[in-house]
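Participant: Structure for the following, please:
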Amino acid sequence: MGSEGPPSVTFHITGFKKFHGVSDNPTETIVSNLEEYLKRNGTPKGVTIGSCTILETAGQGGRAPLYQTLQSAVNKENEQSSYSKVILLHFGVNSGATKFAIEHQAVNEATFRCPDEMGWKPQRVPIIPADGAISKARKTSLPVEEMTKSLAKMGYDVITSDDAGRFVCNYVYYHSLWFAEQNGIKSVFVHVPLFQTIDEDTQMRFAASLLEVLASSY
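Facilitator: Model (predicted):
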């Protein structure tokens, strides 16, 4: 077999449904439409879409479907090749943001400012109790600073962030980082603004550019 360069990176991507204060979640639109967008506009080199999933905006109550998504990413790759490159890419919305934010880390603390969509409102609860105290942080192994610089050069308003909050976004990211470490894959979380702040077309272009940068950063 001849080689055509490095193997592509397979992405398993999630977004969220509506939640308190955000009736129209842009990440649901981005993730639902991403595969079709790439078909129309061209999939970046080195990128394979493994799955696109929309999660309920729920912590404890949404954990089972989250893990089904995470586990299916590993199962699919094991069927194909034990040497595949896999990235778990999670999108969440920050309704007060004016820029995209690539999150360095998640913290082992669930302190929800309002109940999630299944009515859970934890306060200072460890996300994975066996993983340590609520002060424990897990960091992505992807080069967040370099990725942010590359995306900024492409013209996007993007920053790095060390604080994914303590709501469902941080909850999902912490589980994903833990799972990624256990399974030898990578995970990253990206916060996006509302479409009223950065329009849908720009956000779709950003998502495609993000895939390209992530694939080259692996």
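Participant: ends of stretch 111-122, how far apart?
Facilitator: Chord length of stretch 111-122, first to last residue, is 5 Å (C-alpha to C-alpha, to the nearest Å).
Participant: Geometric centre of this protein: which residue is closest?
Facilitator: Centrality entry for the chain: nearest residue to the mean C-alpha point is residue 90, 1.3 Å, by C-alpha atoms, centre = their mean.
Participant: Excluding chain neighbours, what is closest to that one?
Facilitator: Nearest residue to residue 90 in three dimensions, chain neighbours excluded: residue 189, at 4.5 Å (C-beta to C-beta, 6 or more residues apart in numbering). C-beta: built from backbone N, CA, C; applies to glycine.
Participant: got it, and residue 146?
Facilitator: residue 217 (6.5 Å).
Participant: cool, and residue 143?
Facilitator: residue 217 (5.4 Å).
Participant: Would you map the strands across this protein?
Facilitator: Ranges of strands within the chain are 9-16, 47-55, 85-93, 100-103, 105-107, 137-139, 158-161, 186-192, based on DSSP state E.
Participant: wait, residue 207 sits on residue 32?
Facilitator: No: with contact defined as C-beta atoms under 8 Å, residue 207 does not count as touching residue 32 (11.4 Å).
Participant: what's the distance between the residue nearest to the centre of the chain and residue 41?
Facilitator: Residue 90 sits 22 Å away from residue 41, going by C-beta to C-beta, to the nearest Å.
Participant: Give the residue spans of the protein that score low on pLDDT.
Facilitator: 1-7, 77-83 (pLDDT under 70).
Participant: Which residue ranges of it form helices?
Facilitator: 26-41, 63-80, 144-153, 168-183, 200-217 (DSSP state H).
Participant: ok, residues contacting the third one?
Facilitator: Translated: helix 144-153. Here helix 144-153 makes contact (C-beta atoms under 8 Å, 6 or more residues apart in numbering) with 100, 102-104, 158-160, 188, 206, 209-210, 213-214, 217.
Participant: And the fourth one, by the same measure?
Facilitator: With C-beta under 8 Å, 6+ apart as the contact definition, helix 168-183 has outside contacts at 14, 16, 19, 55, 57-59, 62-63, 66-67, 70, 74, 88, 90, 92, 103, 105-110, 112, 116, 127-128, 131, 138-141, 164, 186-187, 189, 191.
Participant: what separates the residue nearest to the centre of the chain from residue 155, distance-wise?
Facilitator: Distance from residue 90 to residue 155, by C-beta to C-beta: 24 Å.
Participant: Same question for residue 63.
Facilitator: From residue 63 to residue 155 the distance is 37 Å (C-beta to C-beta).
Participant: higher neighbour count, these two?
Facilitator: Per other C-beta atoms under 10 Å, whichever of residue 63 and residue 155 has more neighbours is residue 63, with 14 against 11.
Participant: ok, and the closest non-adjacent residue to that one?
Facilitator: residue 175 (7.1 Å).
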